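Engineer: only geometry, no sequence info:
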């Protein structure tokens, strides 16, 4: 039987997180990335803010090495695959690569800002905006 | 191992005490807790308070109608799309929300650049255009401690450390001071901001620092006292011991000549706000 584990990370701390909505009864986990906190020297106030976000979500909260903790949690719950939401962070990609050695990982996209897809010229904001402004006003655009 | 952290707290004070104990390194030297609360409920309340038209007219002023949504956007508690949709419902004409939508687009833009270059956000995107090649690696202590003697800069330093928030214009002034007046590598300032800002996002933060530095823009961003005084209603200059003879005195052309004597000349125009 298919059994999902939801990985909640710092780019999508909303109860409308697409992964939480897709599998509302699946166990969900947040992991404090201890190496990342140390390398950035993140201060207490940022941790308090994020923790308050987590307390409004149906997640278990742990700390340590993110992929390792997720793999333990998946085993504990007999998960067959891992579901999460996308992030542009290279660390996110590294963690997904480690998880994929053991479980299939499905990455759901967050809600798009622009209605028009495709590639944008990112050399300067002005070039991006020249095209993006036609897609940035939602349905009214 | 494999132990869940606590979720049951009788009060915010109890939560903070628990986190102080759990994360002693993070609490060391930074006993501050955020005034702004995390979570979807607080985010929705902040969203309800957004006034898109007033934002567009006054956002550059320190007491302007800024949204204070950045920390919620950074952590995806709110999405850009839902803030945009909410803003458009608040206005009669789309143009009244245009500036806010444009600023939301900046975040979308930084995220797209991040997806493309990854850890490249820590490296100069382009050669620096200041005419200088030597920059200090470390952020000077007097800036970190808020002891430069410049009332504005010291207040911004304190506010950053104490609240985890700075108005966008204050971020730009502080960043310009660090990179151009003190000639410190932008990465040192960017790292400092990420330690403290509740909305600290590697892409938005670093690429904005690069925009100020001129490694991701056509020219360096700088300012003068007149500009700072105008947008702060003079609250810093009035009580500043250096008022009248601080580092920021003078016309743009004079400051530019002082800061960047070796920079290739180009037609003079006041720096644009981002």
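Structural biologist: Looks like it arrived, so ask away. Source: prediction; values computed, not measured.
Engineer: Just say helix, strand or coil for residue 31.
Structural biologist: All of this is about chain A. Three-state assignment for residue A:31 (DSSP: H, G, I helix; E, B strand; the rest coil): strand.
Engineer: To clarify, I was referring to chain B.
Structural biologist: Secondary structure for residue B:31, judged by three-state DSSP, is coil.
Engineer: could you measure it against chain A, distance?
Structural biologist: 7 Å (Cβ to the nearest Cβ, to the nearest Å). For the C-beta atoms, the positions are set from N, CA and C on the backbone; glycine is no exception.
Engineer: what's near enough to touch that residue?
Structural biologist: Residue B:31 makes contact with residue A:44, according to Cβ atoms under 8 Å, 6 or more residues apart in numbering or on different chains.
Engineer: Apply 7 Å and report the result again.
Structural biologist: Contacts for residue B:31 were tallied using Cβ atoms under 7 Å, 6 or more residues apart in numbering or on different chains; there are none.
Engineer: repeat for residue B:62
Structural biologist: B:167, B:169, B:170, B:231, B:232.
Engineer: again, but for residue A:131
Structural biologist: residue A:120.
Engineer: Now whatever helix or strand residue B:44 lives in: average pLDDT?
Structural biologist: Element membership of residue B:44 [criterion: DSSP states H and E] is helix B:40-48. Mean per-residue pLDDT for helix B:40-48: 98.
Engineer: Show me which residues of that helix are buried.
Structural biologist: Residues of helix B:40-48 classed as buried by neighbour count (16 or more other Cβ atoms under 10 Å in any protein chain shown): B:40, B:42, B:43, B:46, B:47.
Engineer: for chain A, what are the nearby residues on the stretch 101-250 of chain B?
Structural biologist: Proximity of the stretch 101-250 of chain B to chain A, by Cβ under 7 Å from any Cβ of the partner chain, involves residues B:101, B:104-106, B:108-109, B:111-116, B:118-119, B:164, B:194-196, B:198, B:200, B:203.
Engineer: Write a PyMOL command that selects only the buried members of these.
Structural biologist: Written as a PyMOL command, the selection of buried residues from these, which uses 16+ other Cβ under 10 Å, is:
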select buried, chain B and resi 101+104+105+106+108+109+111+112+113+114+115+118+164+194+195+196+198+200+203
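Engineer: Please name the residues that touch whatever residue of chain A ends up closest to chain B.
Structural biologist: Nearest residue of chain A to chain B, counting by Cβ to the nearest Cβ: residue A:52, 3.2 Å away. Going by Cβ under 7 Å, 6+ apart, residue A:52 touches B:37, B:38, B:39.
Engineer: my guess is the last one contacts residue A:53, does it?
Structural biologist: Yes: under the criterion of Cβ atoms under 7 Å, residue B:39 lies in contact with residue A:53, with a separation of 5.2 Å.
Engineer: Look at the two and report which has more neighbours.
Structural biologist: Neighbour count, other Cβ atoms under 10 Å in any protein chain shown: between residue B:39 and residue A:53, residue A:53 has more, with 26 against 22.
Engineer: on that earlier part again, from the contacts of residue A:52, which single one is nearest residue A:83?
Structural biologist: Comparing those against residue A:83 with Cβ to Cβ picks out residue B:39 as the nearest, at 22.5 Å.
Engineer: quick one: pLDDT of residue B:2?
Structural biologist: If you check residue B:2, the pLDDT there is 64.
Engineer: Same check on residue B:131?
Structural biologist: 96.
Engineer: To which secondary structure element type does it belong?
Structural biologist: coil.
Engineer: got the end-to-end distance for stretch B:164-180?
Structural biologist: Stretch B:164-180 has its terminal residues 23 Å apart, counting by Cα to Cα, to the nearest Å.
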